[in-house]
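>>> Please work out how this folds:
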Amino acid sequence: MTRLHLHLLSDSTGETLENVAKAGLAQFEGVEAIKHFWPMVRSEGHLDRVLVEIAQKPGLIIYTLVNSSVRRRLEARCAALGLSAVSALDPVIEALSHLLGQATIGRPGRQHVLDEAYFARVEAIHYTIAHDDGVAPEDWEDADIVLAGVSRSSKTPTSIYLANRGYRVANIPLVVESPPPPNLFTLRRPLVVGLTTSPERLVQIRRNRLLSLNEMTETAYVDQDRVARELAFARRMFSDNGWPVIDVTRRSIEETAAAIINLANEREDRAAETVAP
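Residues are numbered from 1 along each chain as shown. Coordinates of the predicted model:
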């Protein structure tokens, strides 16, 4: 069995790359592909952060990038790191451009249409909105992913981003004074992921939230010691239940979602290995 890290790097959702990777891998036997998704990479700064993580798990990079400066930086950095990278759509686009006598529009994500996958995403978005902030815990078993964390730890925006990728997501706030519903600890189907951050960053985010609502900013909600205790409480819960944890302190929503998707894929791969003859 040959093991391969496959990095799918896109300036859009990455669905095109996922389909290309599946089609390509179907032509080979005895290959265990560990897929890493890096969606919405549209700046050189974001690319540099992604490449740091890719360098730790080197493998083949398949990409779709419209921005020429980001493409050039990717190609230069890959050459310097000795990594293989291939553009998934270039041969097709170049052939079409030659045949049609037209230049490409160069707009990220323009290839998506109203297909079955689109309607699946719509359903996932509906589910995710209906199960935001701890709502309807009786339906959590139907989720693909459940996110847990203290208030303002990026649960909702991450959930919506994942829903746009077709994942049904529920999220639950962890409050010291109010234990979560018991069924959170008995879920079997969903991947439960804990989100955490630094106390300093969380205080800043909460304070900005209060300012935007024209509310008092000197409350227990933004007290540094109290916030630290909240985060410690959440970390103990993550540890006690064996849930994977992602620190969102220095991650964008896209980077957090990509890390969660990687966890989901790794879980799926382990499940497949368990049932394999």
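>>> From residue 247, how far off is residue 145?
As for residue 145, its distance to residue 247 is 17 Å (criterion: C-beta to C-beta, to the nearest Å). Placement of C-beta: from N, CA and C, glycine included.
>>> got it, and residue 21?
When residue 21 is compared with residue 247 (using C-beta to C-beta), they lie 28 Å apart.
>>> Show me which of these two is the more surrounded one.
For the pair residue 21 and residue 247, the greater number of neighbours falls to residue 21 (20 against 15), based on other C-beta atoms under 10 Å.
>>> what residues are up against the more buried one?
The neighbours of residue 21, taking C-beta atoms under 8 Å, 6 or more residues apart in numbering as the test, are 6, 8, 33, 35, 62.
>>> contacts for the helix or strand harbouring residue 148?
Take DSSP states H and E as the rule and residue 148 turns out to sit in strand 145-149. Residues lying outside strand 145-149 but in contact with it, judged by C-beta under 8 Å, 6+ apart, are 140, 155, 158-159, 162, 167-174, 180, 184, 187, 190-196, 234, 237-238, 243, 260, 264.
>>> Repeat the analysis, applying 7 Å as the threshold.
Residues lying outside strand 145-149 but in contact with it, judged by C-beta atoms under 7 Å, 6 or more residues apart in numbering, are 140, 155, 158-159, 162, 167, 169-172, 174, 187, 190-196, 234, 260, 264.
>>> So which of the residues you listed belong to strands?
169-172, 191-196 (DSSP state E).
>>> Dump these to TSV, plus neighbour count and distance to residue 74.
As requested, the ones in strands among the contacts of strand 145-149 are exported to TSV (neighbours: other C-beta atoms under 10 Å; distance: C-beta to C-beta, whole Å):
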residue	neighbour count	distance to residue 74
169	30	30
170	30	35
171	27	33
172	21	37
191	22	30
192	20	34
193	24	28
194	22	32
195	23	28
196	20	30
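>>> Export the residues you listed as TSV, with columns for pLDDT and distance to residue 55.
Rendered in TSV, the data for the ones in strands among the contacts of strand 145-149 read as follows (pLDDT from 0 to 100; distance: C-beta to C-beta, whole Å):
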residue	pLDDT	distance to residue 55
169	97	29
170	97	34
171	97	31
172	96	34
191	97	26
192	98	29
193	98	24
194	98	26
195	98	25
196	97	25
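>>> can I get those residues in a markdown table with distance to residue 77?
Rendered in a markdown table, the data for the ones in strands among the contacts of strand 145-149 read as follows (distance: C-beta to C-beta, whole Å):
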| residue | distance to residue 77 |
| --- | --- |
| 169 | 32 |
| 170 | 37 |
| 171 | 35 |
| 172 | 39 |
| 191 | 31 |
| 192 | 35 |
| 193 | 29 |
| 194 | 32 |
| 195 | 29 |
| 196 | 30 |
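>>> Out of those residues, flag the one nearest to residue 132.
Of all these, the one sitting nearest residue 132 is residue 171; the distance, using C-beta to C-beta, is 6.1 Å.
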